[in-house]
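dropping a prediction and its sequence here:
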Amino acid sequence: MKLDRRLVLGWSPALLFMASIWVLSSMTLVVPLVALFPLRDKGVHFCVYATLSVLVIRAARITWPRRSALRVAAFGAFVTILWGLSDELHQAFVPGRSSELLDLLADALGATAGAILISAFWAARRSSSSPVSEEQP
C-alpha cells in the first residue's frame, strides 16, 4: 500500500505533537514559566489540547475533504479528547506524575475550543471568499 504524500504531510504535525505530549508526560517536569501562565497547569493543558485539536482537525480535513466541516471538527475534538484520556491514564503509571480528572476536563475544554476556533476560521474564510450578491433596485 502506497501512502499518499498529502496524507503523510497532513497527519505528521498532529502525530508529532501527540508524540511530544506522550514523551513530556513521561517525565517529571519543572517548568518555571508555568507559574506565569494563567490558571497554571490547567491553562497549559487547555492550550496544548486546543493546539492538538486544531492539528488533528486540519489533518482530518485533508483526509476527508468532502465531509462537512462540523463533522470533521467533531471528529478532531473527539480524537483529541481520547488522546487526553489516554495521556491521563498513562500518567497514572509514571513515577512523579499523577492522573487528574480536572486535567482531563481542561484537555476536553481545550479540544472543544480548538474545534470552535478552526470552525470559525473556516466559516469566516468561506464567507469572505463567496461572492456578495447585489440586490437590484
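That came through, no problem.

in three-state terms, how would W11 be classified?
With DSSP: H, G, I helix; E, B strand; the rest coil as the basis, W11 sits in helix.

isn't it up against A59?
Yes - the pair W11 and A59 qualifies as a contact (Cβ atoms under 8 Å) at a distance of 4.4 Å. Using the backbone N, CA and C atoms, a C-beta is placed for each residue, glycine as well.

may I see the buried residues of the longest helix along the chain?
Counting by DSSP state H, the longest helix found in the chain is helix 101-129. Neighbour counts over helix 101-129 (16 or more other Cβ atoms under 10 Å) mark 103-104, 106-115, 117-119, 122 as buried.

name the nearest residue to S99, sequence neighbours excluded.
Nearest non-adjacent residue to S99, counting by Cβ to Cβ, 6 or more residues apart in numbering: A92, 3.8 Å away.

tell me how many other residues crowd the one you found.
For A92, the neighbour count with other Cβ atoms under 10 Å is 10.

now the residue nearest in space to the middle of the chain: how far from F93?
The residue lying closest to the centre of the chain (Cα atoms, centre = their mean) is S53, at 1.4 Å. In this structure, S53 and F93 are 25 Å apart, going by Cβ to Cβ, to the nearest Å.

okay, now the unreliable bits of the chain?
Counting by pLDDT under 70, the chain contains low-confidence ranges at 1-3, 29-39, 130-137.
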